[in-house]
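**Q** Below are the sequence and a predicted model; questions follow.
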Amino acid sequence: MVETYQPMVGGALSRDSMTLSQHVLKQLQSFGPDAQDLSALMNRIAFAGKLVSKRLTRAGLVEDALGFTGNQNVQGESVKKMDVYANDVFLSVLQQSGLVCRLVSEEMENIYYMPENCPINRYTLLYDPIDGSSNVDINLNVGSIFAIRRQKGDDEDQTGNDLLTNGHEQIAAGYILYGPSTVLVFSIGRGVHSYTLDPSLGEFILSSENIQIPTHGSNYSVNEGNFWQWEEPYRDYIRYMHRHEGYSGRYSGALVGDFHRILMQGGVFLYPGTLKNPEGKLRLLYESAPLAFLAEQAGGKATTGEQPVLDFVPSALHTRTPLIIGSQEDVALVESFIQERQLERPPAISKVS
Ligand code: AHM
Ligand code: MG
């Protein structure tokens, strides 16, 4: 009888060789056209991440990688050269893919159409090419955030109105964290998984499967420099944190990095409204909603303080929302301060007819 060969390193090797696209197909349990599309799309996003990662790694050594462009984006923020580079990388990589018809980016005022792709496929990519741009010039972590939506209708008049819908319409969402290693975290609605870029292979390899946010963590992440610009409930919450043992403040200035810590270790990130920006700083479609999708997939929670982030319907492409996101218990603690103050408010006087 011929003996069947038994691999000696089977378990370890099959894990080390589980690439992103293989893993997407495994999750979808299908090789059908939709699964192939999503797998190919994720592969293109991963490729964009590799290009951005490569540029960031060598940013101090090449011309024109660091600093500002001198222009402002649609939100009135100064644009960095790396913002433009990363934005164009996503455009170029997706143009070639044939898979994406429309792109919405923090760096572009209007929807970017790729008409040649529209008859073939009707996916929309919404993305923040460089999240945490203030970290770029000092070699600290930054990220890219993305969400994928399936286009509703033909959008012939190019209004993009079907995008002004809630976050449950996202079919996939994730981020790439450019830190000591480059990590891609995403969900297609079947749990949250992370993949680490192995530079020697040039491949994202599965590194954590089915990530669950701990129900409680010790970290709270917020820009306390805005303390006097917040509404009272947020100030009460921070006073509470200062007076109780067991909490650590952690704020890197890049949402992706701060959220990643919370995803892995628990805690809460918050960006409340301020006097200057009553809706906060973070944009719904390509910052808050994708991370809320991940948080919920990982057993966590995300709210605007008034409603779940995923239920929020934006009025425009670049609408902002306050964001409170992370572990169930820690988000609930912030909410309890908001509700307490609401209870204290005098009841509205009903009109007597
Ligand atoms: P950006 O995408 O323009 O970099 O803005 C988003 C970033 C988040 O990563 C971060 O949480 C926040 O802005 C930091 O803002 P601030 O400097 O006001 O704390
Ligand atoms: Mg951003």
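**A** Arrived safely, thanks for sending. Ligands and ions are numbered 1, 2, ... in the order given.
**Q** burial count for the residue in the stretch 251-353 of the chain that ligand 2 sits nearest to?
**A** Minimum separation of the stretch 251-353 of the chain from ligand 2 (CB to the ion) falls at E287, amounting to 5.2 Å. Backbone N, C-alpha and C define where each C-beta goes, glycine included. Number of residues near E287 (other CB atoms under 10 Å) recorded here: 27.
**Q** ok, now which ones touch the closest residue to F68 other than its chain neighbours?
**A** Excluding the flanking residues, the one nearest F68 by CB to CB, 6 or more residues apart in numbering is S78, at 5.3 Å. Applying CB atoms under 8 Å, 6 or more residues apart in numbering to S78 gives the contacts 68, 71-72.
**Q** how near is S78 to ligand 1?
**A** Relative to ligand 1, S78 is positioned 9 Å away (CB to the nearest ligand atom, to the nearest Å).
**Q** same thing with P290?
**A** According to CB to the nearest ligand atom, P290 stands 13 Å off from ligand 1.
**Q** now do V183
**A** Applying CB to the nearest ligand atom to V183 and ligand 1 gives a distance of 16 Å.
**Q** Equivalent analysis for S21, please.
**A** Per CB to the nearest ligand atom, S21 is found 28 Å from ligand 1.
**Q** just for the chain, where's the confidence low?
**A** 7-16, 120-121, 343-353 (pLDDT under 70).
**Q** let's go with 50 and repeat that
**A** 346-353 (pLDDT under 50).
**Q** quick one, domains of it?
**A** 3-209, 219-344 (automatic domain parsing).
**Q** Quickly compare those domains and say which is most buried.
**A** domain 219-344 (a mean of 20; mean count of other CB atoms under 10 Å).
**Q** Give me the three-state assignment for the residue nearest to R102 when sequence neighbours are not counted.
**A** In this structure, R102 finds its nearest non-sequential neighbour in T124, 4.4 Å apart by CB to CB, 6+ apart. Secondary structure assignment for T124 (DSSP: H, G, I helix; E, B strand; the rest coil): strand.
**Q** Enumerate the beta-bridge partners assigned to T124.
**A** As for beta bridges, T124 partners with R102, R149 under DSSP bridges.
**Q** was I right about it contacting G153?
**A** No: counting by CB atoms under 8 Å, G153 is not a contact partner of T124; they are 11.8 Å apart.
**Q** near ligand 1, which residues of this protein?
**A** 77, 106, 128, 131-134, 223, 253-255, 271, 281 (CB under 6 Å from any ligand atom).
**Q** Would you point out the most distant pair within those?
**A** Across these, no pair lies farther apart than E106 and N223, at 18.3 Å, counting by CB to CB.
**Q** Would you mind listing the residues in contact with the spatially closest residue to I213 that is not a sequence neighbour?
**A** Leaving aside its sequence neighbours, I213 sits nearest to G300 (CB to CB, 6+ apart; 3.8 Å). For G300, the contacting residues are 213, 262-263, 325-328, 331, by CB under 8 Å, 6+ apart.
**Q** for I176, same thing?
**A** With contact set as CB under 8 Å, 6+ apart, I176 has these partners: 45-46, 49, 52-53, 143-144, 182-185, 256.
**Q** Over to E224?
**A** E224 neighbours (CB under 8 Å, 6+ apart): 238, 249, 251.
**Q** which helices and strands sit right next to the helix or strand where the first one lies?
**A** If you go by DSSP states H and E, I238 is part of helix 232-243. With contacts defined as 3 or more CB pairs under 8 Å, 6 or more residues apart in numbering; DSSP states H and E, the secondary structure elements packing on helix 232-243 are helix 328-344.
**Q** Please determine how far the closest residue to S17 other than its chain neighbours is located from S92.
**A** Distances taken as CB to CB, 6+ apart place I205 nearest to S17, at 7.4 Å, with adjacent residues excluded. Note on I205: its distance to S92, by CB to CB, to the nearest Å, is 25 Å.
**Q** any idea where the helices of the stretch 151-300 of the chain begin and end?
**A** Counting by DSSP state H, counting those that start in this stretch, the stretch 151-300 of the chain has helices at residues 232-243, 255-265, 289-297.
**Q** if I pick the closest residue to L206 other than its chain neighbours, what's in contact with it?
**A** Distances taken as CB to CB, 6+ apart put M18 closest to L206, at 4.1 Å, once the chain neighbours are dropped. M18 makes contact with 26, 205-206 under the criterion CB under 8 Å, 6+ apart.
**Q** repeat that with 10 Å
**A** 26, 193, 195, 203-207, 209 (CB atoms under 10 Å, 6 or more residues apart in numbering).
**Q** Could you do F259 as well?
**A** Going by CB under 10 Å, 6+ apart, F259 touches 131, 143, 145, 175, 177, 185, 213, 221, 252, 267, 269, 287, 291, 294-295, 300, 302, 323, 325-326.
**Q** same thing with F90?
**A** F90 sits in contact with 44-45, 47-49, 51-52, 100, 103, 105, 107, 112, 125, 127, 129, 144, 146, where contact means CB under 10 Å, 6+ apart.
**Q** what does L184 give?
**A** 20, 42, 45-46, 49-50, 53, 144, 146, 174-177, 193-197, 204, 207.
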